[in-house]
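In: Dropping the sequence and predicted coords here.
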Amino acid sequence: MTAIAGFLGFVGEMTLLLFAAMGRFAIFAGRTVSHVFLPPLYPRELGVALINIGWLSLPVVGLTAIFTGGALALQIYSGGARFDAEAVVPQIVAIGMVRELGPVLVGLMIAARVTSSIAAEIATMKVTEQIDALVTLSTHPMKYLVVPRVLAALITVPLLVALGDIIGIGGGYAVAVRNLGFNPAAYLKNTVEFLELRDIISSVVKGAAFGTIAALMGCYYGMKSERGAQGVGRATKNSVEAAAVLILAANFVLTGIFFSV
């Protein structure tokens, strides 16, 4: 009985800690949204964030997408050959990249690159008391540090997802035409005809959601970082882990919303 009571107590404590963490993050996200609509705005910080999150992420997004599209074409061709269904490569590559692999992989790459960078930067500013200096100068840290980064991610990540989808389909096209003997015109025709508007909309919406999650988690863990080098490292690690898990969970929810019928 003592062991069971101890186990139930541990489960209850972990549950309370989980809900407390969710509540703190929900309050942080709500404050961020409220500050988006309140002056002043910092266009210079927004411009810098757009470059760091969007433009500088293009190489890793492009390389990830093109190799994923090529590998997907090879795998589908190999699997389809067992059922004499090799001809479905264009359709499955297109729907796989646009519905799932494109948004999820771009989201995870953004979590790895951007979330960690934001968390480390803001946590370091907190450790070196730069955030306290902002408050002293009557500059709200949420508006100066958090809002520009979240807005930049909300704007740029859907564009990165769309570009990643195109590059991934292009990678599958290149492999299918050069290595698998597909007709180029027929491949493109099948790709365009198979995709629906709902597929494209879901991909862009997922990109917006994943970008917002990635930026929010980096800002949240950076702002709540503990003092010292260990605090910065812990904030960076926790932000990436939380962003990756939430992106995958959000992908499941959004997929159910768009394609449950």
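Out: Yep, that arrived. Not measured: the values here are computed from a predicted model.
In: The stretch 51-200 of the chain: helices as residue ranges?
Out: For the stretch 51-200 of the chain, the helices defined by DSSP state H, counting those that start in this stretch occupy 58-80, 89-95, 102-110, 116-127, 130-136, 141, 147-179, 184-194, 197-223.
In: Distance check, the closest residue to Val161 other than its chain neighbours against Ile51.
Out: Residue nearest to Val161 in three dimensions, not counting chain neighbours: Gly207, with 3.3 Å by CB to CB, 6 or more residues apart in numbering. (C-beta placed from N, C-alpha, C; glycine too.) Gly207 sits 18 Å away from Ile51, taking CB to CB, to the nearest Å as the criterion.
In: Neighbour count for these two, which is higher?
Out: Counting neighbours by other CB atoms under 10 Å for Gly207 and for Ile51 shows that Gly207 has the greater number, 27 against 13.
In: Give me whichever of the helices of the stretch 51-200 of the chain is most buried.
Out: Stretch with highest mean neighbour count among those: helix 102-110 (a mean of 25; mean count of other CB atoms under 10 Å).
In: What angle do helix 197-223 and that one make with each other?
Out: Relative orientation of helix 102-110 versus helix 197-223 (axes from the mean of the first three to the mean of the last three CA atoms, to 10 degrees): 20 degrees.
In: now helix 102-110 against helix 58-80, angle please.
Out: Using the same axes, to 10 degrees, helix 102-110 lies at 140 degrees relative to helix 58-80.
In: Which elements pack onto helix 102-110?
Out: In terms of contacts (3 or more CB pairs under 8 Å, 6 or more residues apart in numbering; DSSP states H and E), helix 102-110 is packed against helix 58-80, helix 147-179, helix 197-223, helix 229-259.
In: could you give me the average pLDDT of the last one?
Out: Spelled out, it's helix 229-259. The average pLDDT within helix 229-259 is 92.
In: That one packs against which elements?
Out: Applying 3+ CB pairs under 8 Å, 6+ apart, one finds that helix 229-259 makes contact with helix 102-110, helix 116-127, helix 197-223.
In: Out of those, which is closest to Ala229?
Out: helix 116-127 (7.8 Å; CB to CB).
In: Apart from its chain neighbours, what residue comes closest to the most centrally placed residue in the chain?
Out: For the chain, Gly107 is the residue whose C-alpha lies nearest the centre (CA atoms, centre = their mean; 2.4 Å). Closest residue to Gly107 apart from its sequence neighbours, by CB to CB, 6+ apart: Phe210 at 3.3 Å.
In: quick one: contacts for that neighbour?
Out: Pro103, Val104, Val106, Gly107, Ile110, Ala111, Val157, Val161, Ile247, Ala250, Asn251 (CB atoms under 8 Å, 6 or more residues apart in numbering).
In: what's the burial count for the last one?
Out: I take that to be Asn251. With neighbours defined by other CB under 10 Å, the count for Asn251 comes to 19.
In: give me the low-pLDDT residue ranges for the stretch 1-150 of the chain?
Out: Applying pLDDT under 70 to the stretch 1-150 of the chain flags the ranges 1.
In: Could you report the distance from the nearest residue to Ile122 once chain neighbours are set aside to Phe25?
Out: Distance criterion CB to CB, 6+ apart; nearest residue to Ile122, sequence neighbours excluded, is Gly222 at 2.8 Å. Separation of Gly222 from Phe25 (CB to CB) stands at 13 Å.
In: Which one, of the helices of the stretch 51-200 of the chain, ends up nearest to Ile4?
Out: Nearest to Ile4, of these and by CB to CB, is helix 197-223 at 35.1 Å.
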